[in-house]
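J.: heads up, no residue letters with this:
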């Protein structure tokens, strides 16, 4: 054992030795501002597509985000555990997700050829752990959480940390004996998430969500409104808010068709688009009451759907011709099955599907149809009249009435949602915006507990299945969202509570007194518990130092330089006006500004 | 945003709600005490072979170990970074380790069929990161570290956390421009490691080590002496200490053979063992000066060696007949190539290798030999006389003299090291012991910097290759080693600095006053910053509570129960005599004991 005791050092981040290299130019492969700036300011480096290495400044921000999450999770009684990232196949086989995750799951074999995976999420493991340890209603309620590295083999990793293949999540799970308990646990989490995002400095919107591949019932997302967000959400003046995938279409009342004309087939030459068809219809067989519009046409789109077991079948979706299919809504509606447009070969195999002229009369699983599943947009209620394909090239059928002339196998929410659509709850028209999904809370219910047989004895000694909630926060994504929301053309501009330091001291010029004074201020601030970056580089120009300070994004920049001969130093909030401080009282004045951050 | 502020809670670990289930029985698949007790006390659970989930108490101990390591690394100026666990193949291809790691590397393909791996160690990534950011001698010296989850597909994961497939390592790397800098950085780490293991409460021995697959020059291991250790190490009275794999054999002086008899072939019927051969030799052709011993026989053992490129060839090793080949020394001597005993088919292909009667005269790569590489134990110096195989069944050759009658392609350190062998530095005889490898420090030199082209400009503007050091600590293994060294028949007995709490309060009986008083003591200790486990379970017997307290292993157990009516509570150090405390001053008295821990 060496005789000396632990070296004591201050914790000032001196730029002469900090492992950092800032970049003047935007990296070629970075698309969004946060990604560019996190790379340029030396917070992260790319290791592979969607996979990043963390540099010292990035780790400091990450640690602060994690600390806030830990505090708020523990405040609602959540207990920390930690699961492996590398897991055996079996639990995911039992839950069905070994297959359901599809190509998004990193799968591998160990040296004994056993199937393993890199966990994208841990529902199965949490369920099995509680089953392993607990057996009585007295053990519940229980809330467990972890902050952990997760893996998803994204088809298109993008926007840096926003959608990566290796990323950090906080995931938590609640275990209750009844629905009332689950509701209470869900609300605890909802409140904790509100506190977390508020403390982080992330403005958020809570929207209704689809549970997707997770199963379950009540489900909400915390979205940060942001132009680069991958999620589209809607809000109404009356308070409806939902992820666009979860929006349900207000279903109009059915109409009577007593006064509707009979359906009639018309030649429709040279009508390759809905617009051309509508123009031709108004010219050739005008509607007496009003002109035909795109919304009067029924477009039938053919998809090939592959279910979780790998079985592939065709699906035709009928939507009003003025709306496109929204692939993300379609995906959400079909999950865990996956859809892709039908191929040329599919059409060859099904000559009854006449491209551009597919009509509902031949479709459907029932005895009248061709055995291909046919689903309609919810707007296509009985009594609505349509111009649609006549199943012959160059011909459409007009005044085809739903319910009278055709039916389908059901409805599907796959048509795009548009600005101005009506909210399903009657709360007004919808406004669309983009957002980054930061958190997701949902009531799993008994899906995993049933699949993995998690039961406890109730008060009467009877075995009852536990009901669960699942709650996630994207931790590395939160860091990126903070950078995306808090920056300007010069660089990052962190909220104080997550900044890598509170004060960035710049020493300019060549005089030793400047460096001595800057060192003194840095040391005194450090001793008072302030986190300080000190740009002590001896031969770097003031211009470069200022640019770096703005790029790094610490809230208060203190300049020790020319003013010193007049007894002053300058303090510049990262996004505000600079003021001068008497050097003799500068430390106290800076402390006051730090405390006001 | 909810109006309420963050809930304030104490941080007492109440056993009525702590996620914990202790086990009375040893788990069937746990071999060593630390593994059994960590499972029984609810610190970890097994998720797959060599892969563990962490429960709340385990995470608390882990966090304390990590905090000590962080402090000491930062005290030597190491800066924290963090690399992905999931990495692309390329850097490991360039360094040659994609192949060298063999079956121990978890390999996988992503959805685009790109080869990836789960990193067992990060030399390549650190090297590339520094190359990416730095380019001048002014940037050096530099020390980087991370605490990170690593993966090795061990053939035989064993002893719980001692040898796992997913485990936590602290790894650090130093970058210097010259050897003097590397030496200084190496010593800084050596000193930091001494402080770390001392603070953790792990007695250690520093031994010379082989660098193995890592390459490089100076290399030492920090071993914790322990019967269940996988490493064997040696020490001499004069201060020599080495891992048995790194022990070099003192080479005797060569002898003259002027007075040696000519070699003569003898019939040696019914001599299947060295003992039988020696007995037969002493009976049939006795040596005039002294009896023959096993050490006079030369045993030639045939191995098949597969190099990193996958090429397989035979190797014969000649060792004195009284020693076995030590497979771990052999493996270390040949790394990264791997050896296995020759197969029946190998012998069929090489009829000149007569099993049981292989002699050196036919062996060797040179023109006199058969093209099979032949390596000798270093003791087989010129002039030594041997009884060995005569390359004919049932016959041995006697008085075969090394240097006169046979030669080899070189020497190899593959024979077992035995208690009482001489230290190579003349410092006395060797004592063997077992140990757990807790840390490894070594001078990589320029191996990775050359392979990955890490150069910086020196003071004269010339490109020079950087020299590196690499330093590891097994973090999860340290936790297991602490449990292995600090326990008794009743359970764990953590050193205070890593214990999950300092005080474990047990409330016994059914009276409310007992629980009220225990709660008061817990709350007051918690308010003073003491970490408290409080067994507040209402219907659990005192016996079960005491057993659990001893199993969990917190340093101070405080019993609030029957004594309360006499105004006293009891305090029991986990491994000491219990005393009674006046309940009115108990908190102060417990505080004093906590501070003395």
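T.: Structure received. What you are looking at is a predicted structure, and each value in this text was computed from that prediction instead of being measured.

J.: Identify the residues contacting stretch A:30-38?
T.: A:26-27, A:39, A:44, A:58, A:158-162, A:228, A:479-481, A:483-484, A:487, A:491-492, A:551, A:553 (C-beta atoms under 8 Å, 6 or more residues apart in numbering or on different chains). Using the backbone N, CA and C atoms, a C-beta is placed for each residue, glycine as well.

J.: typo on my end, stretch A:529-547
T.: Here stretch A:529-547 has contacts from A:11-16, A:18, A:22, A:24, A:60, A:490-491, A:499-510, A:515, A:518-519, A:522, A:525-526, A:548-549, A:552, A:554, A:557, A:559, A:561, A:590-591, A:594, using C-beta under 8 Å, 6+ apart.

J.: out of those residues, who's near chain B?
T.: A:11, A:18 (C-beta under 8 Å from any C-beta of the partner chain).

J.: Which of the contacts of stretch A:529-547 fall within strands?
T.: Judged by DSSP state E, these include A:13-14, A:491, A:503-507, A:557, A:559 as members of strands.

J.: Identify, from these, the entry nearest to residue A:49.
T.: residue A:491 (25.2 Å; C-beta to C-beta).

J.: so who does that closest one touch?
T.: Applying C-beta under 8 Å, 6+ apart, we find residue A:491 in contact with A:37, A:40-41, A:547, A:550-553.

J.: ok, of the ones in strands among the contacts of stretch A:529-547, which one's closest to chain B?
T.: Comparing the ones in strands among the contacts of stretch A:529-547 against chain B with C-beta to the nearest C-beta places residue A:13 closest, at 9.1 Å.

J.: so what's that closest one up against?
T.: Shown in contact with residue A:13 (C-beta under 8 Å, 6+ apart): A:56-57, A:500-501, A:531-534.

J.: Look up which residues are beta-bridged to it.
T.: residue A:533 (DSSP bridges).

J.: Give me the pLDDT for it.
T.: For residue A:13, the pLDDT comes out at 96.

J.: so where's chain A uncertain?
T.: Scanning chain A for pLDDT under 70 picks out the ranges A:1-9, A:211-216.

J.: The longest helix along it near chain B at all?
T.: Ranked by residue count and defined by DSSP state H, the top helix of chain A is helix A:179-200. Yes - on the criterion C-beta under 8 Å from any C-beta, helix A:179-200 is in touch with chain B at A:191, A:194-195, A:198.

J.: Residue B:436: which of these is nearest?
T.: residue A:195 (43.7 Å).

J.: hang on, the earlier thing: any bit of the next helix or strand after the longest helix of chain A sitting next to chain B?
T.: Counting by DSSP states H and E, the next helix or strand C-terminal to helix A:179-200 is strand A:205-208. No - if you take C-beta under 8 Å from any C-beta as the test, strand A:205-208 misses chain B, and the best it gets is 10.6 Å.

J.: Pull the residues that contact strand A:205-208.
T.: A:190, A:194, A:219-225, A:233-235, A:241-243, A:246, A:435.

J.: same thing but 10 Å
T.: Contacts of strand A:205-208 from elsewhere in the structure, counted by C-beta atoms under 10 Å, 6 or more residues apart in numbering or on different chains, are A:190, A:193-194, A:197, A:218-225, A:231, A:233-235, A:240-248, A:424, A:433, A:435, A:437-439, A:441.

J.: With stretch A:509-524 instead?
T.: Taking C-beta under 10 Å, 6+ apart as the rule, stretch A:509-524 contacts A:10, A:12-14, A:503, A:505-508, A:530, A:532-536, A:538-539, A:541-542, A:558-565, A:569, A:581, A:583, A:586-588, A:590-591.

J.: tell me the secondary structure for the closest residue to chain B within the stretch 451-597 of chain A?
T.: Going by C-beta to the nearest C-beta, chain B is nearest to residue A:539 of the stretch 451-597 of chain A, at 9.3 Å. Under DSSP: H, G, I helix; E, B strand; the rest coil, residue A:539 falls in the coil class.

J.: Roughly how far does it sit from residue A:592?
T.: Distance, residue A:539 to residue A:592, using C-beta to C-beta, to the nearest Å: 33 Å.

J.: which of those two has more neighbours?
T.: Of the pair residue A:539 and residue A:592, residue A:592 is the one with more neighbours under other C-beta atoms under 10 Å in any protein chain shown, namely 9 against 6.

J.: show me where the stretch 1-150 of chain A has strands.
T.: A:13-14, A:44-48, A:51-54, A:79-80, A:86-88, A:106-109, A:115-118, A:142-151 (DSSP state E, counting those that start in this stretch).

J.: Revised request: answer the last question for the stretch 351-500 of chain A.
T.: With DSSP E, counting those that start in this stretch as the criterion, the stretch 351-500 of chain A has strands spanning A:373-376, A:385-392, A:395-401, A:431-445, A:455-457, A:463-465, A:467-474, A:487-488, A:491-492.

J.: Report the residue ranges of every domain in chain A.
T.: By the assignment in automatic domain parsing, chain A contains the domains A:56-86+A:119-247+A:432-483, A:264-401, A:501-596.

J.: so which of those is the most packed in?
T.: Mean neighbours per residue, mean count of other C-beta atoms under 10 Å in any protein chain shown, is largest over the domains of chain A for domain A:56-86+A:119-247+A:432-483, with a mean of 21.

J.: Now the terminal residues of that one, how far apart.
T.: 16 Å (C-alpha to C-alpha, to the nearest Å).
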